[in-house]
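J.: please find the sequence and the predicted model below.
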Amino acid sequence: MKLEELRQIRERVQDELRLRGGSARVRIVVGMGTSGIAAGARQVLRAILDEVSRRELGDVVVGQTGEKGLASREPVVEVYEGHRVTVYGGVDTDLARRIVSEHVVNGRPVEEHVLEVREVDG
Amino acid sequence: MISDLCMHVADLVQNSLRAGAASIEVGLERDGGTLHLRVTDDGAGLTADGRRRACDPFYTSKPGQRVGLGLPLLCQTAEHVGGTFALEQLGEGGTRVSAELPWNHPDRPPLGDPTETLLPLIVTSSGVEFVVRLRHDHALWELDTREIRAELGDVPLTHGEVLSFLENQFREGLELTGFKEEA
């Protein structure tokens, strides 16, 4: 393990993170159950992370969740904004990028791929 | 759906996450002709009934679901190739699931790619620490997220540069241990 490389990444990246500051406004959650992984969740995650970092979205955090009983609609991506969750199904890398640029950045959900919108606590 | 051994391991890791584990150890270790898969966690574990019925596809602890196929599938895979499966409750809390499979059995599922299956789970499970061990006889490769986080400070594992670094590390580990298989 080349820990020295990590130290270099930290030095490069930390200032960039400090400049952005702020707390998370949006949480994007990728379904990583086995069916999600089999359906390409890693590529979807990668596309989301690329887009978030390319656009320097400091107020977006990305996480994962297990199986949601939506196996036929995997990979599933959920966007949490305050009390609202928007659930997308059948997400590929193109749609993943659109979710970031159209929904998270511009506030316009990609309607034709939304499975459901629901309210949650917290 | 679970087509290779790394997918089995990813499924076990999801079980551990659901059990509220804060620390998960994953081992893919080969001694000569035997491959050991091992996932150890410090989560809530299973009830005695759950342990007894771990290989029963009609038992699940998930609310609202009637079948749980992850463990039974691994049991079945192990049995089919003449290997073994074990689920242990650890004294200090937590669970260890292990399977031993003959490496050269023609029906052994392919190993799969932990870069595709395990790494995405690891980087997106904030607050959970992982140790991944790949070993082939004496060739040992280990990744410990505690060590990595100690170097990274506030930089998250999901940062693009960190993810690329980790992907490269996994690839090196797979080469070192000869676990890289033709797809």
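T.: Happy to help now that I have it.
J.: tell me which parts of chain A are close to chain B?
T.: Within chain A, the positions near chain B by C-beta under 8 Å from any C-beta of the partner chain are A:1-3, A:5-7, A:9-10, A:12-14, A:17, A:30, A:32-35, A:37-38, A:41-42, A:45-46, A:49-50, A:53, A:61-64, A:66-67, A:69, A:71. C-beta: built from backbone N, CA, C; applies to glycine.
J.: of those residues, buried ones?
T.: The neighbour count (16 or more other C-beta atoms under 10 Å in any protein chain shown) marks A:1, A:6, A:9-10, A:13, A:17, A:30, A:32-35, A:37-38, A:41-42, A:45-46, A:49-50, A:53, A:61-64, A:66-67, A:71 as buried among the residues of chain A next to chain B.
J.: among the residues you listed, which lie within helices?
T.: If you go by DSSP state H, those have A:6, A:9-10, A:13, A:17, A:34-35, A:37-38, A:41-42, A:45-46, A:49-50, A:53 in helices.
J.: tell me the contacts of the residue most central in space within chain A?
T.: Residue closest to the average C-alpha location in chain A (C-alpha atoms, centre = their mean): A:I28, at 3.5 Å. Neighbour list for A:I28: A:48, A:52, A:60-63, A:77-80, A:99-100, A:104 [criterion: C-beta atoms under 8 Å, 6 or more residues apart in numbering or on different chains].
J.: find the nearest non-adjacent residue to it, please.
T.: A:V62 (5.0 Å; C-beta to C-beta, 6 or more residues apart in numbering or on different chains).
J.: tell me which residues of stretch B:8-24 come out buried.
T.: For stretch B:8-24, by 16+ other C-beta under 10 Å, it's B:8-17, B:19, B:21, B:23-24.
J.: spatially, which two of these are the most separated?
T.: Within the buried residues of stretch B:8-24, B:H8 and B:S23 form the most distant pair, 20.2 Å apart (C-beta to C-beta).
J.: what count of nearby residues applies to B:L140?
T.: Using other C-beta atoms under 10 Å in any protein chain shown, B:L140 has 13 neighbouring residues.
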